[in-house]
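Colleague: Sequence and predicted structure are below.
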Amino acid sequence: MRTIADLERQINGSDRFLRLEAARGLGLLAKRGQIERAVSDEVNNHVHTTYSFSPYEPAAAAWAAYKAGLGIVGSVDHDSIGAAKEMMEAGSLIGIATTVGFEVRVSFLDTPLGGRKINNPDSAGIVYICIHGVPAQHIDEVKAFLAPIVEERNRRNKAQVEALMALVGPYGFDLDFERDVLPLSRYQDGGSVTERHILYAMARQTITMYGKGKDLVRFLVDTLSITLAPAIERLLLDEENPHYVYDLLGVYKSSFLDRFFIQPSRAECIDVREAVAFANRIGAIAAYAYLGDVAESPTGDKKAEHFEDSFLEELMDLLVDIGFKAVTYMPPRNTKDQMARLQALAQERGLMEISGVDINSSRQSMNCPELLQPEARHLVDAAWALVAHEKLSNIDERYGLFSSDNPYAAKSLSERIARYAQAGRAMDPADPATIVARFEERL
C-alpha cells in the first residue's frame, strides 16, 4: 500500500496520469480523516506552476494549498493556461475549490500613460495584467490566443541567453537555449519560458561546476564580484539547504537580469485593449495587477522604486475606460495606506478587488495571513465569488459575474459579490457542478 509520502512524491512527478492518481489517493485519505490539516479562511488565487516557473506541478500546487489549510487555490501562469485542466481535476479529487487564469504583459504605449513605468520594474509602458476566472469551455481559445505571444517571447529568450553568455561565458558557463533552458520548461505542453528558467539553468550549471558550499560562494564573490548579504551567504554555504538552487537563482536575478534583459516587442506585448477585449469576450475577468511604490520589498526581489502611486487616480480611470473589471493586488507587498487608497478608488469605480500571492519558489509559503486582517477580509469573499463566477460560467455564461444577462445585473457589484461568495462557499469542491442548482434555488 502506498504511503502518504509516496503519494506526495508522485503528485509532483513527471506523469500527469500518476499525478492525478496521487491526488485521488490523497483526497480519499483526507476524506477519511487520515490526513490532518489546520483549516483557515485563507485563499490564494495566484499560484504559478511548472507551466511558467514553479516547483509545483498543477496537482501538487492544489495539494500544497490544501495541506496549508486554504479553501481556494488558483493557477496563474505567465503566458500560459496549460495548468488549468489538471488544476481543476486535482482540486475536485482532493476537495479544494479551484480557479484558473493567466498572467500576461501588455502594452500601454498607445495610452496616455505610455511613457511611464507603471507596474513593471523592467519596462516603461509595459504592464502586467491577470485574466482571472476563465470558463472551462474557453481554455482552448486562450491557448490559441497565447500561442503567438509565447513564440515571440522564445525568440527573445534565445537572444537573452546569448546576451547572458557574452557576460558569463568567459567564466566557464556554456548555456544554450534549446539544450539547457527549454527542457526545464513545459513548452511542449503549452507552457511558457521565462527569465527565471534562464537563470535556473545558470544556477544548475554553477552547482555542476563548483558543487554546493564554500567553493561556489568563493566563485560568486571572488570571480563574479557579487556582494552577498550575510543571510544569503549562510544559505549558500549550507550544502543541505533544500531551496539551494532557488536561492542561487535569486542571487543571479538581482545581479544579472538587468544586464541581459532585452525589451519585449509589441508583437510579444500586445495592446492592452486587445487583451481586455478578449477577456471580456470569453467571460473572464481582466484585472490590473497593482504593484505600488516599493520602499522595501518584503519578498526581496524588488528594489526601492516608484511605480503607479503618483498617478493612481488617472490610471484607475483609464482602466475603466479600457474595460477592466477588476484590480488584483498582494497584501504582503503593500502597506495598509496603499491598500486603503487602492480599495477606495476601486470601489468608487465599480472594480472588483482580487487578491493573490504569486508562488514561484519552494521557499515561499502558500499561506497569506494578511488576508485575515480586517482591511483585507473582503478579499476572501471576492475569491469565493470568483470561484462561483467561473464554475457558473462553465455551465451557463449568463451567470458570469459581469454578464449583462446576469440575473443580478441590476444589483450593485458589492451585492453581486456577496451573493456569489455565498454560492461559492456552498459548493461541494469535489463536485463543482453542484453550484448551479444551489445558485438557481436562490434566484
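Modeller: Everything's here; your move. Every value quoted in this text rests on a predicted model; they were computed, and no experiment measured them.

Colleague: give me the number of residues near residue 71?
Modeller: As a burial measure, residue 71 scores 21 neighbours (other C-beta atoms under 10 Å). Using the backbone N, CA and C atoms, a C-beta is placed for each residue, glycine as well.

Colleague: hang on, isn't it packed against residue 98?
Modeller: No - using C-beta atoms under 8 Å, residue 71 is not in contact with residue 98; the gap is 10.6 Å.

Colleague: Report how many residues lie close to residue 305.
Modeller: By other C-beta under 10 Å, the residues close to residue 305 number 12.

Colleague: Could you check how far it is from residue 124?
Modeller: Residue 305 is 12 Å from residue 124, where distance means C-beta to C-beta, to the nearest Å.

Colleague: can you list residues touching both of the two?
Modeller: residue 117 (C-beta atoms under 8 Å, 6 or more residues apart in numbering).

Colleague: shared neighbours, residue 71 and residue 98?
Modeller: Shared contacts of residue 71 and residue 98 (C-beta under 8 Å, 6+ apart): none.

Colleague: low-scoring stretches of this structure, by residue?
Modeller: Low-confidence segments of the chain (pLDDT under 70): 1, 296-303.

Colleague: Determine how far the biggest strand by length in it lies from the middle of the whole chain.
Modeller: Counting residues, the longest strand found in the chain (DSSP state E) is strand 97-107. Its chain's C-alpha centre and that of strand 97-107 lie 7 Å apart, by C-alpha atoms, centre = their mean, to the nearest Å.

Colleague: likewise stretch 182-192?
Modeller: With C-alpha atoms, centre = their mean as the basis, stretch 182-192 stands 16 Å off its chain's centre.

Colleague: CA atoms only: put it into CSV for me.
Modeller: The C-alpha trace of stretch 182-192 is given here as CSV (Å, rounded to 0.1, in the frame of the first residue of the first chain):
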residue,chain,number,x,y,z
LEU,A,182,13.9,24.8,-23.0
PRO,A,183,13.9,21.3,-21.4
LEU,A,184,13.4,23.0,-17.9
SER,A,185,10.0,24.3,-19.1
ARG,A,186,6.7,22.8,-20.1
TYR,A,187,6.9,24.5,-23.5
GLN,A,188,6.0,21.3,-25.4
ASP,A,189,2.8,21.0,-23.3
GLY,A,190,1.7,24.6,-23.8
GLY,A,191,3.9,26.2,-21.1
SER,A,192,6.0,29.3,-21.3
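
Colleague: what about residue 73, which SS state?
Modeller: strand (DSSP: H, G, I helix; E, B strand; the rest coil).

Colleague: ok, it to residue 136 distance?
Modeller: Counting by C-beta to C-beta, the gap from residue 73 to residue 136 is 16 Å.

Colleague: quick one: which of those two has more around it?
Modeller: Set residue 73 next to residue 136 and count neighbours by other C-beta under 10 Å: residue 73 wins out with 29 against 16.

Colleague: Please report phi then psi for the residue lying closest to that one once chain neighbours are set aside.
Modeller: In space, residue 73 comes closest to residue 65 once its chain neighbours are excluded; the distance is 3.5 Å by C-beta to C-beta, 6 or more residues apart in numbering. Note on residue 65: backbone dihedrals following degrees, to the nearest 10 are phi -70, psi -40.

Colleague: now swap in residue 355 and tell me
Modeller: Torsion angles, degrees, to the nearest 10, at residue 355: phi -110, psi 170.

Colleague: thought it was touching residue 368?
Modeller: Yes - counting by C-beta under 8 Å, residue 355 touches residue 368, with 7.4 Å between them.

Colleague: Now for those two: what residues contact both?
Modeller: Common neighbours of residue 355 and residue 368 (C-beta under 8 Å, 6+ apart) are 43, 331.

Colleague: the strands in the stretch 1-150 of the chain, which residues?
Modeller: 43-47, 72-78, 97-107, 126-132 (DSSP state E, counting those that start in this stretch).

Colleague: who wins for proximity to residue 171 among those strands?
Modeller: strand 72-78 (28.8 Å; C-beta to C-beta).

Colleague: got the contact list for that closest one?
Modeller: For strand 72-78, the surrounding residues in contact (C-beta under 8 Å, 6+ apart) are 43-49, 51-53, 58, 61-62, 65-66, 83-84, 87, 91, 96-104, 130, 132, 191-192, 194, 356, 358, 366, 383-384, 386-387.

Colleague: go on, stretch 211-228?
Modeller: 168, 171, 206-207, 209-210, 233, 236-239, 241, 244, 248, 251, 255.

Colleague: Swap in 7 Å and give it another go.
Modeller: 171, 206-207, 210, 233, 236-237, 239, 244, 251, 255 (C-beta atoms under 7 Å, 6 or more residues apart in numbering).

Colleague: Any buried residues in it, and which?
Modeller: Within stretch 211-228, the residues that count as buried by 16 or more other C-beta atoms under 10 Å are 212-213, 216-217, 219-220, 226, 228.
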